[in-house]
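Q: Just to be clear, the model below is a prediction. Sequence and coordinates:
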Amino acid sequence: MTFEDLKLHNSLQKAVKDQNYETPTSIQAKTIPLILDRNDVLSTAQTGTGKTAAFSLPILHHLENESQNQGKRKVKALIVTPTRELAIQIAENFTNYSKYNSIKNTVIYGGVKQMKQVKRLDAGVDVLIATPGRLLDLIGQGYITLRDVKYFVLDEADRMLDMGFIHDIKKIIKMLPQKRQSLFFSATMPKNILELSKTILKNPKNVSVAPVSSTAETIQQYVYFTNQTSKKELLFHILKDKEIKQILVFSRTKHGANKIVKNLKKKNIEATAIHGDKSQNQRQNALKSFKDGGMRVLVATDIAARGIDINELRHVLNYNIPNESETYVHRIGRCGRAGKEGISISISGPEENAYIRDIEKLIGKKIDAIKDHPFPQTDKPMNAQEKKEFEKEKNRKKQEFFANRKKKKANYRK
């Protein structure tokens with residue numbers, strides 16, 4: 001099958017060619033015809049499978065074929081997604097696909113002043129991409145109405161629930177017209193997600209392009225077992241590989257991300273961090289620099305696990321192994337996107353070995369262990385008592401650090 005076989009509007013066919021799309025991905029081939037036939041869709045799709053195009057292209061096709069009313073544009077399509085990064089990425093895709101038509105979109109999200117977003121809304125838009133909090137805020141202020149929405153997409157539904165947006169989503173659904181086409185996308189489909197889908201969809205067609213929580217076959221997965229104290233040196237060792245032009249490194253914490261960047265810069269490796277403590281402008285500038293090739297290493301917390309979409313990204317590294325196996329799947333899905341090859345590298349300390357085993361159970365395959373490296377794992381995992389003592393000492397040092405910092409600030413003010 002080719003994109004021409006999908007019978008999309010001519011303007012979209014032209015835009016798709018400009019993006020160098022030739023053959024639809026599995027989710028696109030299965031989902032686009034169903035949406036074109038105006039079915040509601042319940043889709044289970046792993047990250048990196050091309051699902052943004054799977055819903056945006058047929059929605060744009062419908063909007064193209066509908067008569068455009070004179071006067072101010074009204075929001076006819078609403079896409080709700082959990083993070084700012086993902087909302088911006090979806091908006092960029094809509095803009096690319098609308099290159100040869102007059103359909104306008106805009107994106108709204110929190111963490112920035114609302115003035116520019118309100119101005120774009122006042123000018124009129126056909127497609128609105130939004131995070132839940134800012135959407136409800138602007139609806140409450142009277143800047144947005146959902147009464148004209150014909151197409152509704154809930155993207156990354158499982159992530160939405162993980163982030164505590166369930167009540168916001170329910171409020172949004174109540175404001176939507178009963179007569180609409182609804183599309184529901186989730187990487188995983190636990191019971192609470194299925195229950196939510198029933199409140200949104202009417203007689204949906206089910207689409208599943210891969211086993212729940214599986215990883216793409218195009219991604220090669222490797223793990224280095226090392227000591228916790230050796231992770232920094234092992235990362236330097238890995239980055240000596242000239243084949244790694246760019247790499248996205250995942251850290252468990254914001255403090256950890258900043259520390260990794262600091263250590264890399266000491267070795268003259270261009271790096272920056274992206275996490276919740278950074279302003280929206282800082283995050284977007286860091287992401288743009290990475291996309292443009294100006295930065296070799298981007299260090300991120302899981303806030304970026306589903307929001308970074310870089311078609312050419314080949315390498316992802318887990319500096320900390322996530323204790324939730326599904327998070328691993330989302331992280332490594334940042335590489336090997338849309339059928340391209342990717343390489344996932346994980347650095348596992350003794351306390352994280354159990355997480356690796358859990359991940360292997362979830363994805364149904366063994367992760368290849370790299371044994372020939374200069375920092376092999378020699379430490380044994382701590383027992384319960386040792387772990388308790390370790391945490392106690394860590395908290396003591398943390399409190400001491402903040403107490404000293406507070407004292408320094410007080411002395412500085414004097």
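A: Right, received. Where do you want to start?

Q: Average pLDDT for the helix or strand encompassing Gln282, rounded please.
A: Assigned by DSSP states H and E, Gln282 belongs to helix 280-291. The pLDDT scores in helix 280-291 average 82.

Q: Would you mind listing the buried residues in it?
A: Residues of helix 280-291 classed as buried: Arg283, Gln284, Ala286, Leu287, Phe290, Lys291 (neighbour count, 16 or more other Cβ atoms under 10 Å). No exception for glycine: its C-beta is placed from N, CA and C like everyone else's.

Q: Quick check: the last one vs Val125, distance?
A: This points to Lys291. Lys291 sits 25 Å away from Val125, going by Cβ to Cβ, to the nearest Å.

Q: Nearest to Ser11 among the buried residues of helix 280-291?
A: Lys291 (25.8 Å; Cβ to Cβ).

Q: Name the nearest residue to Asp168, ignoring sequence neighbours.
A: Pro132 (3.8 Å; Cβ to Cβ, 6 or more residues apart in numbering).

Q: Quick check: pLDDT value at the one you found.
A: Here the pLDDT value assigned to Pro132 is 95.

Q: And for Lys407?
A: 70.

Q: dump the residue contacts of it.
A: In this structure, Lys407 makes contact with no residue, judged by Cβ atoms under 8 Å, 6 or more residues apart in numbering.

Q: which non-adjacent residue is nearest Asn323?
A: Computed as Cβ to Cβ, 6+ apart, the closest residue to Asn323 that is not its neighbour in sequence is Tyr355, at 5.6 Å.

Q: now the helix or strand where that neighbour lies, how far from the centre of its chain.
A: Assigned by DSSP H and E, Tyr355 belongs to helix 353-363. Put simply, helix 353-363 sits 21 Å off its chain's centre (Cα atoms, centre = their mean, to the nearest Å).

Q: Who are the packing partners of it?
A: helix 325-332, strand 342-348 (3 or more Cβ pairs under 8 Å, 6 or more residues apart in numbering; DSSP states H and E).

Q: partners of the last one, with directions?
A: What that stands for is strand 342-348. With DSSP bridges as the test, strand 342-348 is paired with strand 219-225 (parallel), strand 315-318 (parallel).

Q: ok, Gln181 - contacts?
A: Taking Cβ under 8 Å, 6+ apart as the definition, contacts of Gln181 comprise Ile35, Arg38, Asn39, Asp40, His62, Lys150, Tyr151, Phe152.

Q: at 10 Å what do you get?
A: The contact partners of Gln181, by Cβ atoms under 10 Å, 6 or more residues apart in numbering, come to 35, 38-41, 58-59, 62, 77, 149-153, 201-202.

Q: State the phi and psi torsions of Thr272.
A: The phi/psi pair for Thr272 (degrees, to the nearest 10) reads phi -150, psi 160.

Q: Which residue ranges make up the domains of this structure?
A: Domain assignment of the chain by automatic domain parsing yields the ranges 3-208, 219-369, 389-414.

Q: hang on, the earlier thing: and the residue nearest to Asp168, what are its phi and psi?
A: With angles defined as degrees, to the nearest 10, Pro132 sits at phi -60, psi -40.

Q: Quick check: Pro376 is in a helix.
A: No. Counting by DSSP: H, G, I helix; E, B strand; the rest coil, Pro376 falls outside a helix, being coil.

Q: Does it touch Pro350 like I think?
A: No. Pro376 is beyond contact range of Pro350, at 11.5 Å (criterion: Cβ atoms under 10 Å).

Q: Common neighbours of those two, please.
A: Joint contacts of Pro376 and Pro350 (Cβ under 10 Å, 6+ apart) are Phe225, Thr226, Asn227.

Q: okay, the residue nearest to Asn323: pLDDT?
A: In this model, Tyr355 carries a pLDDT of 91.

Q: And it, how close does it get to Gly349?
A: 10 Å.

Q: any shared contact partners between these two?
A: Asn320, Ile321.

Q: Asn395: how many residues sit nearby?
A: Counted with other Cβ atoms under 10 Å, the neighbours of Asn395 add up to 10.

Q: Please identify the helix or strand for it.
A: Under the criterion of DSSP H and E, Asn395 resides in helix 384-413.

Q: And for Leu298?
A: Assigned by DSSP H and E, Leu298 belongs to strand 297-300.

Q: From Glu92, how far off is Phe185?
A: 18 Å.

Q: I meant to write Ser289 there.
A: 16 Å.

Q: before we move on, what about Glu195?
A: From Glu195 over to Glu92 the distance is 32 Å, taken as Cβ to Cβ.
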